[in-house]
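J.: Curious how this folds, go ahead:
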Amino acid sequence: MTLALSTDNLTKIYSNNLEALKGVNLRVEKGDFFALLGSNGAGKTTAIGIISGLLKSTSGEVKINGLDQNKHANEVKKMIGLMPQEFNFNPHEPNMEILMNQAGYFGISRAEAKIQAEVLLKKMELWDRRFDVAQSLSGGMKRRLMLARALMHKPSILILDEPTAGVDVEIRKSMWDYLTQLNKEGMTIILTTHYLEEAESLCRNIAILNDGDLVEQTNMKKLLLKAKRQVLILDTIEKLTNNISITNCDCVLIDDTTLQVAQGENTSISDVILSLSAQNINVSHLRSSQNRLEALFLSITS
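T.: Okay, here's the model as predicted:
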């Protein structure tokens, strides 16, 4: 297993004696799409700050692509692209210049930076706004500009801290499509998000922080297998009665055409549909009442 990121006994204690990280050992494989989750105050932002070189740890070790962060600081910084949660660019600066200046921090020539900026602004659908100042952009456009800036030096690891906060559904989908493409091309992506359905659908591996401790680190599919009971909401064509029964499941009638079914441990969705069909009930629509990852996340962190 080749690691893009590893932390060993990573600890951070702030001046007010707040222990934000308590000996965290993270492992992120090269080419992974990795979810780093936790409630507010769990230590995610602190961990990202240390990994990206913005914060100093109290103790512990960080390695990026096998290089010790303390011994190879300049090389490591070039490998990481960070898209922070808060907008932190000059709002009075033209969008093109924001990207060009970012490239300058990494020693990229103006000529090369101009080419890369054009590629990214077109990809983010911001090319027509390249000469506008950043403060004139909508919230979603600012998010896309932040992503473009993080990619200007072509990092091998991209860290995204709540990248779609406040972004509408259409822009969010286009961003995830682009990030999925980058990941398929070999980029390692580390994501923090409160939209757990996104983490479930996009990420292959996951770590969960709780009060500074690493309480879970596993494959996403393996974690989701722990969600033995899924609650389904089914809309039916026929009107329902109170005498509906499905083996190993708990059924609750929400209204005369909507049924809530808590699946038994060994009962598949197909079993539920077939059982209802045998009772002359046809399902027109089915959905989960709660995201599986959300349910597991709440059980792990509570």
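J.: need the contact list for the residue nearest to Thr267 when sequence neighbours are not counted.
T.: With C-beta to C-beta, 6 or more residues apart in numbering as the criterion, Thr267 has its nearest non-adjacent residue at 4.7 Å, and that residue is Asn248. No exception for glycine: its C-beta is placed from N, CA and C like everyone else's. By C-beta atoms under 8 Å, 6 or more residues apart in numbering, the residues touching Asn248 are 263-267.
J.: per-domain residue ranges of this structure.
T.: Domains of the chain are assigned by automatic domain parsing as 3-224, 231-301.
J.: ranking these by mean pLDDT, which is last?
T.: Lowest mean pLDDT within the domains of the chain: domain 231-301, a mean of 84.
J.: What is the distance between that one and the centre of its chain?
T.: Chain-centre distance of domain 231-301: 29 Å, with C-alpha atoms, centre = their mean, to the nearest Å.
J.: again, but for stretch 82-95
T.: Centre-to-centre, stretch 82-95 and its host chain are 20 Å apart (C-alpha atoms, centre = their mean).
J.: List the contacts of that stretch.
T.: Stretch 82-95 is contacted by residues 45, 48, 52, 54, 98, 101, 121, 126, 129-135, 137, 142, 145-147, 149-150, 158-163, 165 when judged by C-beta under 8 Å, 6+ apart.
J.: Mind checking which of those residues are buried?
T.: 45, 48, 52, 98, 121, 126, 129-130, 134, 137, 142, 145-147, 149-150, 158-163 (16 or more other C-beta atoms under 10 Å).
J.: hang on, the earlier thing: okay, the domains of the chain, which one's buried deepest?
T.: Most buried of those by mean neighbour count (mean count of other C-beta atoms under 10 Å) is domain 3-224; its value is a mean of 17.
J.: check contacts around Ile50.
T.: Ile50 sits in contact with 7, 10, 12, 21, 56-57, 62, where contact means C-beta under 8 Å, 6+ apart.
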